[in-house]
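Colleague: Test case, fold it:
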Amino acid sequence: MLLKSKAYSNHAVQGTTKALSSLSSLFTKDPLQSSSLIPKPRVQNPRKPLLLCPNEFEYFVRRQCKSGKITLHDALTYFDKLVTTEPSPLIQTFNIVLDSVSKLKCNSNVFSMYRKLNVEGIKPNLYTLSILMNSCCQLKQMSSGFCVFGEIIKRGFEPDLVTVSILLKGMCADGKVLDAVQVFDKMCERGFQGDGVIYGILINGLCSFGHPGMALELHRKMENSNCQGTLLTFSMVIDAFCKDGMVDEAASVFSEMVLKQISPDAVVYGSLIHGFCRLGRLKEAVNVFDEMVSRGLTPDLIMYNTLIHGFCQVGMWGEAVKIFNRMVENGISPDVVTFTTLIDSLGKEGKTGEAQRILDLMIRRGAKPDIRTYNSLLSGLCSNGHLDEATKLFGLIVDQGLKLDAFSYNIMISGYCKSWKMDEAFELFQKMHDNGIKPTIVTYNTLIGMLFQEGQVSTAEKMFNEMHVYGQSPALSTYTVMLDGLCKHGHIEEALDLFHSLESTNKKLSIEHFSILIDGMWRAGKSEEARKMFTEISEKGLSLDVVTYNIMLSGLCKQSMSLEANKLLMEMEEKGCIPDSISFNTLIHGLLREKEVEKAMNRLEEMRRRNFSADEGVTSLLLRLAMKDEQCRAALESLPEVI
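Modeller: Okay, here's the model as predicted:
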């Protein structure tokens, strides 16, 4: 069954199973009577007769309600008059008034109106209770909604398709999609047959909450009943698979849909194109695009933008331009997203001149650049060393009346820092405060990192400590910058204090933090502390990576412990961490320095097998040793490919 899927949460199953063990026994008590929602009804006055057909006033009220122009005030006025009318009007008339109030989204009033009916002893019918249940769902009061559903069962009404669809739709809207599926399954076990609307509600809910596999399973169940899949239901499943990165499954459902003679529309093709582009499978995305065009469907702007973005993401600028030109030729005007995507891609490719020409073209075509457009160009200019041009553009943005955001400032601050223009960087930092723009973690990380590079350790620490004054808490990345800076400047005790304060928070430490500290300890001559921390990493639930091992190899070799380093390299591989070129070069250099020529040659041979090359330090040391050591010279002659 559908509900046996692993995706179904045990909590949801247990909660709903307890509440809905069977339709006949769910509501053995009268939930509405015990609820504050509805008071206990009075016995209807036997002397108050019932109308057998609508009177003139009822016809008037019905016309007013059905006109769609009725106000809440009028509806309540009519309702109050109907309640006191004798003989009592038909329940159908009350339903029409209740429905009109429900359509006005005045669901709380629906409750109070129902109370009046109950007090007056006017018996509801199935439609009355369905309206009430819909109001519960609209207000996301699903517990009350279940109470109303219980009242329906208790009064002997048979829930119809409309009633059930209201309940299930409400549950889905409340995020209880899996519960809704279980309710539906239990009803089906007792002979209820859903229609296309109900299946559509559940399929949409499952797709919206990331359960495409369950949605497909339910879709198959629907097709095995008397309901056929529609373009809409297939479209929902395909889109959900694509959004979940399961584009092959989406393509399979697409093929199934076509085999059933259901013609895909542009929405379905758009989902597939987006799905393939997200995974970088651009050839397949273009094939889908071309198939769509061959079927006579017209691609829209979003599809073109998706393809352009996809090609730009993988650096296929030429293909992106082809799609752009094709779009223009087909009469689709590029928008700000199109141009911004191209400008961003060109900037990252170092083609800032072309990026600026695209900006000019954008303006000529009447598309107004937004701050994201300018930020993309700013980033490209700064990344490629055109800081003066970026500074001019930064000023131009302000002149054009656009509001700079934190990203704009971060780009320029980073650009100034990379060019060692710290005064300009801090001037912009101050302008951020003056203009009411809150600096981000990136802002602080950039400036603190640069202060360390300039050797201004105390200023970096001061800035770190003042972050909270400006409403910003340090992130893990900020601690990484601080630890790295302190360790590289020999402030190992301060780094350890900061590390321990970080450990006391709820922030999750990474292997990078340990690697930085271990490296700092080796630099500070604290070899025993470094080795102790290295052994403790696994106890913290972290996995050692190649960077951490390389730091240890380097530290051991610098302390003339190359034989221990050699053992560590073997242990490294035994634990599933593959050594890289740095690992071998570090170890070989250490072995050669300690005159462990044979072991060094063995490692050189291993390097050759792994297609690694000796670095400049190892090469230089090998050549010097070869001039003095016959064994080393002979070994080198047998391993020419290594150097």
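
Colleague: any idea of the mean pLDDT for the helix or strand containing E461?
Modeller: Per DSSP states H and E: E461 is located in helix 457-465. Helix 457-465 comes out with an average pLDDT of 95.

Colleague: now do stretch 158-171
Modeller: 91.

Colleague: What ranges does the stretch 351-500 of the chain have for its helices?
Modeller: 352-364, 371-383, 387-399, 406-418, 422-434, 441-453, 457-465, 476-488, 492-503 (DSSP state H, counting those that start in this stretch).

Colleague: Let's have the ones you listed in TSV, adding distance to G68 and mean neighbour count.
Modeller: Placement of C-beta: from N, CA and C, glycine included. TSV is the format used below for these (distance: least, Cβ to Cβ, whole Å; neighbours: other Cβ atoms under 10 Å):
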stretch	distance to G68	mean neighbour count
helix 352-364	45	17
helix 371-383	42	23
helix 387-399	49	15
helix 406-418	47	22
helix 422-434	52	15
helix 441-453	52	21
helix 457-465	62	16
helix 476-488	56	21
helix 492-503	62	16
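
Colleague: Mind putting those helices into a markdown table with distance to F289?
Modeller: Compiled in a markdown table, the helices of the stretch 351-500 of the chain are given as follows (distance: least, Cβ to Cβ, whole Å):
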| stretch | distance to F289 |
| --- | --- |
| helix 352-364 | 22 |
| helix 371-383 | 25 |
| helix 387-399 | 35 |
| helix 406-418 | 32 |
| helix 422-434 | 43 |
| helix 441-453 | 36 |
| helix 457-465 | 50 |
| helix 476-488 | 39 |
| helix 492-503 | 49 |
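
Colleague: Okay, now the unreliable bits of the chain?
Modeller: Applying pLDDT under 70 to the chain flags residues 1-54, 631, 634-643.

Colleague: could you redo the last one with a cut-off of 80?
Modeller: 1-55, 226, 506, 625-643 (pLDDT under 80).

Colleague: Which one of the helices of the stretch 351-500 of the chain lies nearest to I152?
Modeller: With distances scored as Cβ to Cβ, the stretch of those nearest to I152 is helix 371-383 (52.3 Å).

Colleague: Show me how far that closest one is from its chain's centre.
Modeller: 25 Å (Cα atoms, centre = their mean, to the nearest Å).

Colleague: CA-only coordinates of that helix in CSV, if you can.
Modeller: C-alpha atoms of helix 371-383 as CSV (Å, rounded to 0.1, in the frame of the first residue of the first chain):
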residue,chain,number,x,y,z
ILE,A,371,21.2,46.3,-8.1
ARG,A,372,21.9,42.6,-8.8
THR,A,373,22.9,43.5,-12.4
TYR,A,374,25.4,46.1,-11.2
ASN,A,375,26.6,43.8,-8.4
SER,A,376,27.4,41.2,-11.0
LEU,A,377,29.5,43.7,-13.0
LEU,A,378,31.1,45.0,-9.9
SER,A,379,32.2,41.5,-8.9
GLY,A,380,33.6,40.8,-12.3
LEU,A,381,35.6,44.0,-12.4
CYS,A,382,37.0,43.5,-8.8
SER,A,383,37.8,39.9,-9.4
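
Colleague: Which neighbouring elements make contact with it?
Modeller: Secondary-structure packing of helix 371-383 (3 or more Cβ pairs under 8 Å, 6 or more residues apart in numbering; DSSP states H and E): helix 336-348, helix 352-364, helix 387-399, helix 406-418.

Colleague: okay, how far is it across stretch 450-462, tip to tip?
Modeller: From its first residue to its last, stretch 450-462 covers 14 Å (Cα to Cα, to the nearest Å).

Colleague: now swap in stretch 398-407 and tell me
Modeller: 14 Å.

Colleague: which residues make contact with that stretch from outside it?
Modeller: Surrounding stretch 398-407, the residues in contact under the criterion Cβ atoms under 8 Å, 6 or more residues apart in numbering are 370-371, 374-375, 394, 397, 432, 435, 437-440, 443.

Colleague: could you dump those to TSV with distance to D580?
Modeller: Listed next are the contacts of stretch 398-407 as TSV, based on distance: Cβ to Cβ, whole Å:
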residue	distance to D580
D370	43
I371	41
Y374	40
N375	36
F394	41
I397	44
M432	40
N435	46
I437	42
K438	41
P439	37
T440	34
T443	34
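
Colleague: Could I get the helices and strands packed on helix 371-383 in JSON lines, plus columns for distance to V197?
Modeller: Output for the helices and strands packed on helix 371-383, formatted as JSON lines (distance: least, Cβ to Cβ, whole Å):
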{"stretch": "helix 336-348", "distance to V197": "35"}
{"stretch": "helix 352-364", "distance to V197": "45"}
{"stretch": "helix 387-399", "distance to V197": "51"}
{"stretch": "helix 406-418", "distance to V197": "45"}
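
Colleague: So which of those is nearest F584?
Modeller: It's helix 406-418; of the helices and strands packed on helix 371-383, that one is closest to F584 (Cβ to Cβ) at 32.4 Å.

Colleague: between the closest one and helix 371-383, how many degrees?
Modeller: Helix 406-418 runs at 10 degrees relative to helix 371-383, counting by axes from the mean of the first three to the mean of the last three Cα atoms, to 10 degrees.

Colleague: gap between helix 406-418 and the chain center?
Modeller: With Cα atoms, centre = their mean, you get 26 Å for helix 406-418.

Colleague: so which strand or helix has G156?
Modeller: Using DSSP H and E, no helix or strand contains G156.

Colleague: Check G170 too.
Modeller: helix 161-173.

Colleague: Which neighbouring elements make contact with that helix?
Modeller: The helices and strands touching helix 161-173, judged by 3+ Cβ pairs under 8 Å, 6+ apart, are helix 126-138, helix 142-154, helix 177-189, helix 196-208.

Colleague: correct me, but G170 touches G145?
Modeller: Yes - G170 is within contact range of G145, at 5.5 Å (criterion: Cβ atoms under 8 Å).

Colleague: what residues do those two have in common as contacts?
Modeller: M133, C136, C137.

Colleague: mind putting these in TSV, neighbour count included?
Modeller: Below are these laid out as TSV (neighbours: other Cβ atoms under 10 Å):
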residue	neighbour count
M133	24
C136	24
C137	23
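
Colleague: Can I get the residues you listed in a markdown table including distance to V247?
Modeller: Shown next, in a markdown table, are these (distance: Cβ to Cβ, whole Å):
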| residue | distance to V247 |
| --- | --- |
| M133 | 39 |
| C136 | 39 |
| C137 | 34 |
